[in-house]
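In: Return atomic coordinates for the entry below.
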Amino acid sequence: MNGKLRTVHVGLGPIGRKILKAGVSAGICEPVACADIAPEIAGVSIRSVFDEQQLPDVMVCGDLQEALEQADEVGADLAVVCTGSRLEAIEPQLTSVLERGLCCISTCEELIFPWLRAATVADRLDEVAVRNEVALTGAGVNPGFVLDLLPFVLTRVCERTQSVSAGRYVDATRRRQQLQAKIGTGMEPDDFRELASQGKIGHVGLAESAALLADSLGWPWDEFEETIDPVIAEESISSEYFTVAAGQVRGQHQRLTMGKVQLELIMALGEEERDEIRVEGVPPVHAIIHGGIHGDTATSGAVINFMWPLVNAEPGLRTVTEIPLG
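Out: Okay, the predicted model is just below:
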């Protein structure tokens, strides 16, 4: 892996911006085109958007096709798409990128293992990628690393693997406002439960992590049970963005069982942070990452470190357990 990749950045929200800056700082990315629908940055140079002089003087396009035409003119290599969690919603964007002959990496949570909930879309995208001789993958830290790729790597020392359980425990106080809102911070418990019953609250991607891990180990992944409950504050607690009274929701607790795979995720204000993985096998493996892996920063790291491997991967829709790590 030598030199920089000429990259197109689609979606410049908090995560999209971190990925762009991290890729430039690491010497991996040379941004040649950017697209975002936010009117306040469309038509503005990313140098001004980020207030960093080391960035190239590339204008943010308000239209994806305009950005892709700009990328065509300079011969871009890869696109980064950070615009949504649901694959069906971003399929047109991914298709447009792939049809331009660009490899594509996205933070879309469902793309980590899209055959679980969006198999038809996944098959269409795979066909487009193969036809254009490029590779597509979903990457990130959760899903994409802590509860799927990392446990899979830990099983590689086992003669036999009987089951895997993994948990991620996150102090949401340190995370961005959007995430704190997404986990129900400050809600009344009954309101949280109602939204949870409608699928309108909670973390997207836990089931995809379980399915990716199970599939990578050759286990069934088509049936699972998942619960989501509020984490109730026992006393008042505050973050930069929310003040939560005793009795209100300070976060969420998700559990998922998929055959031999059990995953747990707690994201809440004031939670003691760690990531923990147990592999029951020969030999057994028990790993704890004290303090946990910081989600936003690690997501940008996970994405930029998969860029060169993705460019060198076989064409088609690939998972992070299929792409060589180096």
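In: Residues contacting the longest strand seen in the chain, please?
Out: Using DSSP state E, we find that the single longest strand of the chain is strand 160-171. Applying Cβ atoms under 8 Å, 6 or more residues apart in numbering, the contact partners of strand 160-171 are 142, 146-147, 150-151, 155, 213, 217, 260-282, 292, 295. Using the backbone N, CA and C atoms, a C-beta is placed for each residue, glycine as well.
In: Out of those, which sit inside strands?
Out: Short answer: those in strands (DSSP E) are 261-268, 274-282.
In: which among these end up buried?
Out: Buried members of the ones in strands among the contacts of strand 160-171, scored by 16 or more other Cβ atoms under 10 Å, are 261-268, 275-279, 281.
In: Could I get those in TSV, plus columns for distance to residue 176 and pLDDT?
Out: Shown next, in TSV, are these (distance: Cβ to Cβ, whole Å; pLDDT from 0 to 100):
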residue	distance to residue 176	pLDDT
261	29	98
262	28	98
263	23	98
264	22	98
265	17	97
266	18	97
267	12	95
268	15	96
275	19	98
276	24	98
277	25	98
278	30	98
279	32	98
281	37	97
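In: pLDDT below threshold where in the protein?
Out: 1-2 (pLDDT under 70).
In: again, 80 this time
Out: Applying pLDDT under 80 to the chain flags residues 1-2, 295-296, 326.
In: Walk me through the domains of it.
Out: Following the assignment in automatic domain parsing, the chain carries domains at 5-140+298-318, 149-292.
In: and those domains, which is most packed in?
Out: Most buried of the domains of the chain by mean neighbour count (mean count of other Cβ atoms under 10 Å) is domain 5-140+298-318; its value is a mean of 20.
In: Run through the helices of the protein in chain order.
Out: 14-25, 46-50, 64-74, 87-99, 119-131, 149-154, 177-182, 189-197, 206-216, 295-305, 307-311 (DSSP state H).
In: who wins for proximity to residue 252 among those helices?
Out: Among the helices of the chain, helix 189-197 comes nearest to residue 252, with 7.7 Å by Cβ to Cβ.
In: what's the closest one packed up against?
Out: Contact partners of helix 189-197 among helices and strands, from 3 or more Cβ pairs under 8 Å, 6 or more residues apart in numbering; DSSP states H and E: strand 225-232, strand 249-258.
In: Including distance to residue 324, could the domains of the chain go into CSV?
Out: Formatted as CSV, the entries for these read as follows, by distance: least, Cβ to Cβ, whole Å:
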stretch, distance to residue 324
domain 5-140+298-318, 5
domain 149-292, 13
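In: For residue 326, find the nearest of those.
Out: domain 5-140+298-318 (6.8 Å).
In: ok now the closest one, how far from the chain's centre?
Out: Relative to its chain's centre, domain 5-140+298-318 lies at 13 Å (Cα atoms, centre = their mean, to the nearest Å).
In: again, but for stretch 228-236
Out: 25 Å.
In: Stretch 228-248 now?
Out: For stretch 228-248 - counting by Cα atoms, centre = their mean - the centre lies 26 Å from the chain centre.
In: Now do the end-to-end distance for that stretch.
Out: 16 Å (Cα to Cα, to the nearest Å).
In: and if you look at stretch 48-56?
Out: Termini of stretch 48-56 sit 10 Å apart (Cα to Cα).
In: Other residues contacting it?
Out: Counting by Cβ under 8 Å, 6+ apart, 12, 17, 20-21, 24, 30-32, 41, 46-47, 60 sit against stretch 48-56.
In: now stretch 18-25
Out: 7, 9, 12, 29-31, 34, 46, 50, 52, 54-55, 80, 82, 107, 296-297, 299-301, 303-304, 307.
In: how about 6 Å then?
Out: The contact list for stretch 18-25, computed with Cβ atoms under 6 Å, 6 or more residues apart in numbering, reads 9, 29, 80, 300, 303-304.
In: same deal with stretch 199-209?
Out: By Cβ under 6 Å, 6+ apart, the list of residues contacting stretch 199-209 reads 85, 109, 112-113, 116, 143, 147-148, 184, 195, 224, 228, 252, 254, 256, 263, 265.
In: Check stretch 258-272 too.
Out: So stretch 258-272 is contacted by 147, 163-173, 183, 203, 206, 210, 213-214, 219-221, 224, 231, 237, 239, 250-256 (Cβ under 6 Å, 6+ apart).
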